[in-house]
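Peer 1: A predicted structure for the sequence below; I have some questions about it.
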Amino acid sequence: ILNVEQSPQSLHVQEGDSTNFTCSFPSSNFYALHWYRWETAKSPEALFVMTLNGDEKKKGRISATLNTKEGYSYLYIKGSQPEDSATYLCALFPKAAGNKLTFGGGTRVLVKP
Amino acid sequence: NAGVTQTPKFQVLKTGQSMTLQCAQDMNHNSMYWYRQDPGMGLRLIYYSASEGTTDKGEVPNGYNVSRLNKREFSLRLESAAPSQTSVYFCASSPRWSGGSGTDTQYFGPGTRLTVL
């Protein structure tokens, strides 16, 4: 099983500040890395899917990078807004036999007005 | 287009009771999944159905059974509920199982919050 670690578990951000957090993995033996955003009382929704070392994706004020050589992906939120408050989940689709999407524990972001 | 729907949204059971969680998708997806979400543990896969007519165990299958009734519907059954099964259950679907080399996005339902006393 490919272990997916996310840090920090939670963070508080002042409105207007930018922030970033990490998804770490011990091996680059996967097909794709997914980021999902999960707001309280709603369903997780896909943000990005990244496959190649050096991939960068952007959606509005949120962006992500992937570094498979050093084993991490960063998610950045620029100019945080209260509506960015959510849990951000990272997941990997490993190349191993019987592969299934494997989720990290998530980073819970609370943006304070 | 409703996407992925789940029923019920909330349920309280007593230890030993049984129940079935229902899930349906209207996106003509081939693959469907059941996850449970516990605090600090992310989403853990219980069972999945790569395509209609097939089901397989995920990471935490003990105490559960599933049925892929047709292409749209995938149900999860707890035969004898235990307090350790208190959790939030999510159903999800994706266009293909490993198609696109793992790049297919999963679409999630709204979840069922289950408490077992």
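Peer 2: Alright, I've got the coordinates. Numbers count the residues shown, from 1 in each chain, chains lettered A, B, ... in the order given.
Peer 1: Just say helix, strand or coil for B:S75.
Peer 2: B:S75 falls in the strand class when you classify it by DSSP: H, G, I helix; E, B strand; the rest coil.
Peer 1: Give me every residue in chain B lying close to chain A.
Peer 2: Contact residues, chain B versus chain A (CB under 8 Å from any CB of the partner chain): B:4, B:35, B:40-45, B:48, B:58-59, B:90, B:98, B:100-103, B:105-111. C-beta here means a position set from N, CA and C on the backbone, and glycine is covered the same way.
Peer 1: Could you spell out the sheet neighbours of the lowest-mean-pLDDT helix or strand in chain A, each with its direction?
Peer 2: Comparing every helix and strand of chain A by mean pLDDT, DSSP states H and E singles out strand A:102-103 as the least confident one, with a mean of 90. Counting by DSSP bridges, the strands paired with strand A:102-103 are strand A:86-94 (antiparallel).
Peer 1: B:D38 contacts B:S87, correct?
Peer 2: Yes: contact between B:D38 and B:S87 holds when scored by CB atoms under 8 Å: they sit 5.4 Å apart.
Peer 1: So for these two, which residue has more residues nearby?
Peer 2: B:S87 (21 against 14; other CB atoms under 10 Å in any protein chain shown).
Peer 1: who touches that one in this structure?
Peer 2: B:36-38, B:114 (CB atoms under 8 Å, 6 or more residues apart in numbering or on different chains).
Peer 1: Pull out the buried members of those residues.
Peer 2: B:36-37, B:114 (16 or more other CB atoms under 10 Å in any protein chain shown).
Peer 1: from those, which single one is nearest B:Q22?
Peer 2: Nearest to B:Q22 out of the buried ones among the contacts of B:S87 is B:L114 (CB to CB; 12.9 Å).
Peer 1: and the closest one, what helix or strand is that in?
Peer 2: strand B:112-116 (DSSP states H and E).
Peer 1: Centre of the chain to that strand, how far?
Peer 2: Computed by CA atoms, centre = their mean, to the nearest Å, the chain-centroid distance of strand B:112-116 equals 13 Å.
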